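Trainee: Provided below for reference: sequence and predicted model.
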Amino acid sequence: MERSVDRIADPWGTRVPYGPGTPWPARTDTHLAEGTAPDEVERWVPSASLLHSNGDAMDIAVRDGVIVGVRGRAGDRVNRGRLGPKDLFGWQANASPDRLVRPLVREGGRLVECDWDTAMGRVVSRSKELLAERGPGSIGFYTTGQLFLEEYYTLTVIARAGIGTNHLDGNTRLCTATAAQALKETFGCDGQPGSYADVDHADVIALFGHNVAETQPVLWMRILDRLAGPHAPRLLCVDPRPTPVARHAALHLAPRPGTNVALLNALLHQIIRAGRTDQDYIEAHTVGFEELKARLAQCTPAWAARICDVPAARIGEAAELLGGAERLLSTVLQGVYQSHQATAAAVQVNNLHLIRGMLGRPGCGVLQMNGQPTAQNTRECGANGDLPGFRNWENDEHVADLARVWNVTPDTIPHYAPPTPAMQIFRYAEQGSIRMLWISGTNPAVSLPELHRIREILGQERLFTVVQDLFPTETAQLADVVLPAATWGEKTGTFTNADRTVHLSEKAVDPPGQARADLDILLDYAHRMDLRDKDGNPLIGWHDPESAFEAWKECSAGRPCDYTGLGYARLRGAHGIQWPCTAQAPDGTERLYTDGISWAAPDVCESYGKDLATGASVSETEYRALNPDGRAVLKAAEYLPPREDTSEEYPLQLTTGRTLYHFHTRTKTGRSPQLNAAAPEVWAELSAAEAARHDVGEGDLVEVTSPRGTVRARLRITAIRDGMVFLPFHYGYWDTPAGHRPPDGRGRAANETTITDWDPVSKQPLFKTAAARLTLVERGQGRPAPAPTTTASAPVEPHHVLATTGGPTAHATEHPTEHPTEHTDPPAREGRRS
């Protein structure tokens with residue numbers, strides 16, 4: 001029975017309950033532009049979601065050469081037809097009237113339109129000058145998590161083998177670098193062990209710093225449908241905010257930010273002490289258990305309680321829940337990844353699964369989640385700071401093998417030092433050793449920490465900045481050359497999501513004006529630069545997305561992320577296929593490590609690992625001595641306090657994060673009417689007790705100030721833990737009169753306040769642990785904060801705030817294959833909060 005649902009007011013839609021071990025029932029979600037009837041759609045073009053990492057399969061509706069809507073694909077393994085709010089409404093940004101449609105170059109301090117030959121001529125001329133005068137280390141590339149696999153791979157070959165620079169990274173460094181690093185530390189190699197299908201089987205689901213309801217809403221729908229069905233799983237939520245996950249959890253722990261390692265160590269301590277370990281699995285598949293056990297000996301719940309400000313009894317309850325699970329699924333995201341001991345904490349979640357033997361079976365898995373649609377592809381293709389195919393930059397045989405694939409000499413590929421992470425790339429630009437920075441598909445003038453510093457770096461006259469994007473972003477306004485790019489729906493390529501599922505996204509419509517696909521821009525640059533292999537042939541031997549994909553398949557052959565069993569023809573007829581996909585596994589691979597650990601042996605591993613406290617590299621000799629047989633490594637970590645703690649001047653802990661209705665810096669979602677109306681302006685969150693201490697209330701205009709900057713925002717009173725203030729990081733300046741910087745120091749962007757610091761292992765910046773103060777600017781006079789009421793930002797006194805709704809234009813149709821339940825959401829659990 002078809003239903004029409006306001007998917008702003010009811011973001012997760014109608015429940016279709018199901019029990020453990022049964023398939024997730026389909027529910028097809030559709031939204032068409034107002035005035036468009038289904039029978040008026042001329043073509044449905046297959047694609048996948050762009051505005052999160054879940055990889056929801058969808059079809060793009062086209063009429064008269066224009067995108068007019070989307071619908072979910074019911075047969076797909078990832079979403080079974082469901083779409084989240086950003087899927088349903090985000091496509092409208094493609095037709096925004098302020099799209100970049102012609103190249104721009106800076107003349108007399110202003111950006112002016114020009115043709116492609118002029119723009120590319122300047123980029124190529126500057127590239128050649130710098131290579132001749134300063135060498136390849138003077139050029140850097142900073143990319144995104146939203147391009148296609150084919151584009152990342154092409155960029156990697158250009159940067160590594162064409163230019164010869166070590167300075168290539170993605171904005172995935174900000175969101176999921178820790179996911180990759182934690183997997184390398186434990187398993188020797190990147191690659192998601194678990195599968196979304198584990199939700200269908202788990203009896204306990206533990207979410208560590210992962211507000212899945214807002215970051216991957218369709219995966220939350222899957223969990224909600226399990227909760228509404230028979231023999232529902234029990235949820236453990238670890239998050240300082242009152243997220244939708246927390247409201248449905250059997251147990252919610254709200255630790256003090258920056259204390260994840262202490263909490264996880266206490267949980268492991270209790271599980272080992274209670275004998276809830278799988279000794280056969282530990283002995284067969286791991287190394288390091290005795291050292292881990294010894295290091296955890298003093299990490300009691302009472303010890304952790306003093307650090308985390310969570311009652312010891314609650315920590316004991318959580319350990320009992322985890323230790324008693326028969327099928328445990330854990331997920332991890334930014335609450336762990338963007339803290340000061342990010343990798344150390346994420347590794348402890350891996351340890352939990354190893355000591356319990358909870359890997360490689362239905363319902364038994366760990367998902368070190370991603371934050372962007374193609375973050376996985378940046379890692380596979382080497383656009384995030386690693387070598388393509390999860391090759392080890394310290395292993396000469398791996399480098400030689402990559403050189404063979406590219407037909408260059410091994411010394412062409414820079415491997416004299418680790419690839420340069422993003423924060424260091426910007427530091428080199430600040431110091432002047434990098435003189436050209438090519439930024440594609442990302443907006444660091446809003447998304448990086450300590451924004452006044454980033455603006456100063458990008459504004460340097462000596463730095464030649466190229467920006468390749470869809471819109472005149474805050475970063476584009478500081479560029480020397482701006483290249484207009486095509487986006488999702490306007491080009492063809494492949495996506496790989498957080499659980500290794502590959503989808504093909506086909507071109508549905510032409511890009512506006514003279515905008516070009518990112519792949520075409522990169523191929524044009526390689527041609528104009530006349531990049532050659534060792535035999536004098538063009539370094540880039542492909543010419544379109546499909547031939548680029550075939551080239552990538554050769555690079556991936558025999559590696560953990562093997563794509564050789566895939567092709568465009570196969571993907572066109574598929575419902576999502578997980579890598580590795582080979583002749584031996586033609587239908588893909590649902591779970592890794594079903595028969596032991598595959599890629600940790602010294603000769604094949606992607607990394608020898610690092611010290612979890614300092615980030616110092618483990619040598620090959622040390623790794624061979626520790627792990628000669630290629631088992632999973634159980635790594636202990638000592639808790640260390642955050643480097644910036646509260647003080648009399650800055651008494652609050654500052655944390656930043658996402659909201660359901662926006663993505664990154666709102667360049668797309670801010671141009672979707674329904675999404676922007678749901679969260680139109682920045683706000684700050686404080687607990688009721690903290691608000692009373694500060695003598696502030698709902699809707700008051702306040703300033704949040706750190707040692708680095710100030711943000712001005714309306715206040716929302718929520719059930720967040722005391723002692724904290726929260727800011728959503730999406731809001732910049734492109735839709736304000738100021739354009740690209742705060743007026744009079746009154747910032748709108750949360751990253752005016754965040755700290756230039758990072759996890760020593762993954763080099764991921766810290767957006768969760770800083771210190772701040774809050775001051776009143778003016779009373780709200782009954783005006784509420786512009787924060788959604790449907791999310792973690794729900795007010796503690798909802799009767800004083802109008803509920804978030806979308807109105808008639810936010811309705812989507814839902815076609816369940818089974819009758820929906822009467823309610824649209826399972827009742828919240830009665831589990832206590834700490």
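Mentor: Right, received. Where do you want to start?

Trainee: isn't residue 810 right up against residue 674?
Mentor: Yes. Residue 810 is within contact range of residue 674, at 4.5 Å (criterion: CB atoms under 8 Å). No exception for glycine: its C-beta is placed from N, CA and C like everyone else's.

Trainee: Identify the contacts common to those two.
Mentor: Listed as contacting both residue 810 and residue 674 by CB atoms under 8 Å, 6 or more residues apart in numbering are 8, 89.

Trainee: can you pull out the helices in the stretch 301-450 of the chain?
Mentor: 301-308, 312-324, 334-337, 342-356, 375-381, 396-406, 422-431, 444-447 (DSSP state H, counting those that start in this stretch).

Trainee: could you check the angle helix 312-324 makes with the first one?
Mentor: An angle of 110 degrees separates the directions of helix 301-308 and helix 312-324 when computed by axes from the mean of the first three to the mean of the last three CA atoms, to 10 degrees.

Trainee: for the record, mean pLDDT for helix 301-308?
Mentor: Taken as a whole, helix 301-308 carries a mean pLDDT of 98.

Trainee: try stretch 5-22
Mentor: 97.

Trainee: Residue 31 in helix, strand or coil?
Mentor: Following DSSP: H, G, I helix; E, B strand; the rest coil, residue 31 is assigned to strand.

Trainee: who's in contact with it?
Mentor: Counted by CB under 8 Å, 6+ apart, residue 31 has contacts 7, 69, 70, 71, 83, 88, 89, 811, 812, 813.

Trainee: how does it look with 7 Å?
Mentor: Residues in contact with residue 31, defined by CB atoms under 7 Å, 6 or more residues apart in numbering, are 69, 70, 88, 89, 812.

Trainee: The stretch 401-550 of the chain: strands as residue ranges?
Mentor: 436-440, 464-469, 481-484, 493-496, 501-505 (DSSP state E, counting those that start in this stretch).

Trainee: So residue 238 is in contact with residue 211, correct?
Mentor: No. The criterion here is CB atoms under 7 Å, and residue 238 misses it with residue 211 at 10.8 Å.

Trainee: State the distance from residue 502 to residue 572.
Mentor: 12 Å (CB to CB, to the nearest Å).

Trainee: Tell me which of these two has more neighbours.
Mentor: residue 502 (26 against 10; other CB atoms under 10 Å).

Trainee: hey, what's the more buried one bridged with?
Mentor: residue 496, residue 577 (DSSP bridges).

Trainee: Run a quick neighbour tally on residue 418.
Mentor: 16.

Trainee: dump the residue contacts of it.
Mentor: residue 393.

Trainee: Which phi and psi values does it adopt?
Mentor: Dihedral pair for residue 418: phi -60, psi 150, per degrees, to the nearest 10.

Trainee: The one 3 residues further on too?
Mentor: For residue 421, the backbone dihedrals (degrees, to the nearest 10) come out as phi -80, psi 160.

Trainee: Now it. Nearest residue, chain neighbours left out?
Mentor: Nearest residue to residue 421, sequence neighbours excluded (CB to CB, 6 or more residues apart in numbering): residue 763, at 3.8 Å.

Trainee: Check residue 503 too.
Mentor: Using CB to CB, 6+ apart, the closest residue to residue 503 is residue 48 (4.0 Å).

Trainee: Just the pLDDT at the closest residue to residue 543 other than its chain neighbours, thanks.
Mentor: Nearest non-adjacent residue to residue 543, counting by CB to CB, 6+ apart: residue 523, 6.9 Å away. Residue 523 carries a pLDDT value of 98.

Trainee: quick one: residue 523 and residue 100, what's the gap?
Mentor: 19 Å.

Trainee: These two - which one has more neighbours?
Mentor: residue 100 (24 against 21).

Trainee: Need the three-state assignment for that one.
Mentor: Applying three-state DSSP: residue 100 is coil.

Trainee: Identify the residue nearest it in space, chain neighbours excluded?
Mentor: residue 484 (3.6 Å).

Trainee: Pull the contacting residues for that neighbour.
Mentor: 100, 101, 102, 103, 513, 514, 515.

Trainee: Among the residues you listed, which one has the most neighbours?
Mentor: residue 103 (26 neighbours).

Trainee: unless I'm mixing things up, that residue is touching residue 117, no?
Mentor: No. Taking CB under 7 Å as the definition, residue 103 is not a contact partner of residue 117, at 9.2 Å.

Trainee: Please work out how many residues are found near the closest residue to residue 800 other than its chain neighbours.
Mentor: Spatially, and ignoring its direct neighbours in sequence, residue 800 is nearest to residue 698 (6.3 Å; CB to CB, 6+ apart). By the criterion of other CB under 10 Å, residue 698 has 23 neighbours.

Trainee: any idea how far residue 698 is from residue 518?
Mentor: From residue 698 to residue 518 the distance is 44 Å (CB to CB).

Trainee: Secondary structure element holding the residue nearest to residue 800?
Mentor: Under DSSP states H and E, no helix or strand contains residue 698.

Trainee: Could you pull out the strands in the stretch 601-750 of the chain for me?
Mentor: Under DSSP E, counting those that start in this stretch, the stretch 601-750 of the chain gives strands at 632-633, 652-657, 683-687, 701-705, 710-718, 724-728.

Trainee: list the helices and strands the longest one packs on?
Mentor: What that stands for is strand 710-718. Applying 3 or more CB pairs under 7 Å, 6 or more residues apart in numbering; DSSP states H and E, we find strand 710-718 packed against strand 683-687, strand 701-705.

Trainee: Make CSV from the ones you listed and add mean neighbour count and mean pLDDT to it.
Mentor: Output for the helices and strands packed on strand 710-718, formatted as CSV (neighbours: other CB atoms under 10 Å; pLDDT from 0 to 100):
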stretch, mean neighbour count, mean pLDDT
strand 683-687, 25, 98
strand 701-705, 22, 98
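
Trainee: Quick one, grab the pLDDT at residue 829.
Mentor: pLDDT, residue 829: 46.

Trainee: sorry, back to before: redo the strands of the stretch 401-550 of the chain as JSON lines? Include distance to residue 799 and mean pLDDT.
Mentor: As requested, these are exported to JSON lines (distance: least, CB to CB, whole Å; pLDDT from 0 to 100):
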{"stretch": "strand 436-440", "distance to residue 799": "46", "mean pLDDT": "98"}
{"stretch": "strand 464-469", "distance to residue 799": "43", "mean pLDDT": "98"}
{"stretch": "strand 481-484", "distance to residue 799": "48", "mean pLDDT": "98"}
{"stretch": "strand 493-496", "distance to residue 799": "43", "mean pLDDT": "97"}
{"stretch": "strand 501-505", "distance to residue 799": "43", "mean pLDDT": "98"}
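
Trainee: Thank you kindly, that will do.
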